[in-house]
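Undergrad: One predicted model, sequence on top.
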Amino acid sequence: MKTIFGGAGRQGTHATAILRQLDEMEAFQVETTWDGQPLTQEMAERLIVEGKRNLALVFPPDFSDALEQNLTATERHTTRVLVIVDPATSSQFVEPILGTLRGLLERSIYQAMTPKGSDFLFEQLAPHVPAEQRETFKARAQEATSGGLLGDREPVVTLERTTPAGMRVEKYPDVFQQNVPGYTIYGIFWIVTLLAGSVLQEKQEGTFRRLLVAPMNRAIMLTGKLVPYYIINLIQLAIMLGASSLLFGMSLGHSPAGLVAVSLAAAATATGLGVLVAALARTEAQVGGLTVLLLLTMSALGGCFVPRLIMPQWLRTIGLLTPHTWALDAYQDLLVRGYGLREVLPKVGALAAFAGAFFGIGAWRFRFE
């Protein structure tokens with residue numbers, strides 16, 4: 001598994017050393033350029049917003065200066081290193097990364113400031129000690145004091161987690177905001193089994209053959225069959241999201257209109273897929289086998305089980321061919337990233353296209369006899 005860091009900001013001596021140590025770790029891969037250009041904070045934020053990267057590490061211009069400052073100064077200069085994270089990224093993925101970064105920062109502080117502290121100590125306490133003995137004592141003191149941070153003063157360098165500009169994130173998402181959308185989408189698509197099984201049963205009982213004598217368009221007849229299942233899916237969505245909000249305090253975002261639009265489109269897509277499966281399957285065994293194969297594969301590729309960011313790039317590309325990817329990303333835009341209706345409209349359009357394609361192909365291949 002590779003974690004991509006955009007090492008944006010001025011690369012001083014100490015910042016370069018930290019990035020080199022990260023790049024030497026098997027789990028990390030450091031990028032300091034994009035399309036041949038040095039990464040800046042603005043470029044890193046844009047890559048995160050566009051979904052091309054999930055995390056960027058930004059060193060301030062005064063990072064090295066803070067580590068090399070004179071400890072005897074009356075005012076202590078502090079600075080901060082920014083970790084810009086897509087808020088939709090699972091905390092189970094982000095927290096270990098932050099822990100690694102904190103460890104590297106603390107080690108850099110020790111290595112840069114412990115010699116200065118020991119120099120100051122011996123200058124104040126042992127001016128009469130011969131120089132050769134002072135160096136021996138100094139080396140032993142540095143070795144003994146480099147194992148941890150001492151004192152209660154604010155560190156000269158702190159690590160701050162933040163999000164790209166434009167995302168209305170009041171607090172970082174909890175486990176419910178990250179997991180509920182994925183499992184909700186996974187659940188609503190199982191309506192395919194009920195719908196396809198019901199259609200197959202009515203075919204076997206001759207219900208559709210009797211309906212053919214009615215003066216009714218076949219597409220309207222099929223649509224009427226879908227409406228109850230579409231409503232069931234909407235109720236299921238409302239229960240899942242509503243219960244998560246009422247029982248666990250999960251935020252539903254800032255855009256009720258966006259939430260309604262995504263839910264309507266996601267339910268329509270699941271119902272449309274049910275028509276397609278009903279048109280292709282001929283037996284109950286085929287309905288069960290085709291449903292399990294499609295839904296488990298699409299859910300996995302769509303990120304309902306594991307975050308898509310840890311998948312290889314070719315799997316992430318294939319995942320764009322599933323409605324689950326678009327539905328999950330739209331819900332994360334609303335619940336986690338703080339976006340509104342305007343930002344999720346392209347994803348709603350993609351879901352509507354999936355629904356239209358599923359229903360159109362299913363109606364074309366559907367046999368009423």
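TA: On my side now, so go ahead. Numbers count the residues shown, from 1 in each chain.
Undergrad: okay, CA-based contacts and neighbour counts for the rest of this
TA: OK.
Undergrad: What segments of the protein are helices?
TA: In the chain, the helices defined using DSSP state H lie at 13-24, 41-49, 63-67, 91-125, 131-145, 175-188, 191-205, 207-211, 218-248, 256-280, 284-301, 313-319, 323-335, 341-365.
Undergrad: For the stretch 151-300 of the chain, give me the ranges with low pLDDT.
TA: Applying pLDDT under 70 to the stretch 151-300 of the chain flags the ranges 151-154, 169-174, 208, 211-216, 218.
Undergrad: tell me the contacts of the residue nearest the centre of the chain?
TA: By Cα atoms, centre = their mean, the chain has its centre lying nearest to T89, at 2.7 Å. With contact taken as Cα atoms under 8 Å, 6 or more residues apart in numbering, T89 is in contact with N54, Q178, P307.
Undergrad: if we go to 7 Å?
TA: T89 makes contact with N54 under the criterion Cα atoms under 7 Å, 6 or more residues apart in numbering.
Undergrad: What's the separation between it and G242?
TA: From T89 over to G242 the distance is 23 Å, taken as Cα to Cα, to the nearest Å.
Undergrad: Then Q92?
TA: 24 Å.
Undergrad: now A44
TA: Applying Cα to Cα to A44 and G242 gives a distance of 35 Å.
Undergrad: What of V192?
TA: Between V192 and G242 the computed distance is 23 Å (Cα to Cα).
Undergrad: More neighbours: which of these two?
TA: Shown here are V192 and G242; by other Cα atoms under 10 Å, V192 has more neighbours (25 against 16).
Undergrad: For that one, which non-adjacent residue is spatially closest?
TA: G274 (4.1 Å; Cα to Cα, 6 or more residues apart in numbering).
Undergrad: repeat for L226
TA: T271 is the one closest to L226 (Cα to Cα, 6+ apart), at 6.8 Å.
Undergrad: same check, this time on E160
TA: The shortest distance from E160 to any non-neighbouring residue, by Cα to Cα, 6+ apart, is to L82 (5.0 Å).
Undergrad: Identify the bridge partners of the one you found.
TA: V58, E160 (DSSP bridges).
Undergrad: Now do the same contact list for it.
TA: Contacts of L82 (Cα under 7 Å, 6+ apart): L57, V58, F59, L159, E160, R161, T162.
Undergrad: Quick check: the gap between it and H14.
TA: Applying Cα to Cα to L82 and H14 gives a distance of 15 Å.
Undergrad: cool, and Y331?
TA: The gap separating Y331 from H14 is 40 Å, by Cα to Cα.
Undergrad: if I pick the nearest residue to S244 once chain neighbours are set aside, what's in contact with it?
TA: With Cα to Cα, 6+ apart as the criterion, S244 has its nearest non-adjacent residue at 5.7 Å, and that residue is M250. Residues near M250 by Cα under 7 Å, 6+ apart: F176, Q177, S244.
Undergrad: Give me the neighbour count for the first one.
TA: Same thing as F176. Neighbour tally, F176, other Cα under 10 Å: 16.
Undergrad: do you know how far it is from A355?
TA: As judged by Cα to Cα, F176 and A355 stand 27 Å apart.
Undergrad: With the second one instead?
TA: As for Q177, its distance to A355 is 25 Å (criterion: Cα to Cα).
Undergrad: close enough to count as contact, H324 and T297?
TA: No - contact criterion Cα atoms under 7 Å: H324 and T297 do not qualify, at 10.3 Å.
Undergrad: ok, these two, which is more surrounded?
TA: Neighbour comparison, H324 and T297: the larger count goes to H324, with 27 against 13 (by other Cα under 10 Å).
Undergrad: Quick check: closest non-adjacent residue to that one.
TA: G302 (4.8 Å).
Undergrad: Got phi/psi on that neighbour?
TA: Phi and psi for G302, reported as degrees, to the nearest 10, are phi -80, psi -10.
Undergrad: okay, now it: neighbour count?
TA: The number of residues packed near G302 is 29, by other Cα under 10 Å.
Undergrad: Quick one: residues contacting it.
TA: Counting by Cα under 7 Å, 6+ apart, G302 has contacts G319, T322, H324, T325.
Undergrad: try 6 Å this time
TA: G319, H324, T325 (Cα atoms under 6 Å, 6 or more residues apart in numbering).
Undergrad: any idea how far E343 is from the nearest residue to the first one once chain neighbours are set aside?
TA: Counting by Cα to Cα, 6+ apart, the nearest residue to G319 once its immediate chain neighbours are dropped is L301, at 4.8 Å. Computed as Cα to Cα, the L301 to E343 distance reads 23 Å.
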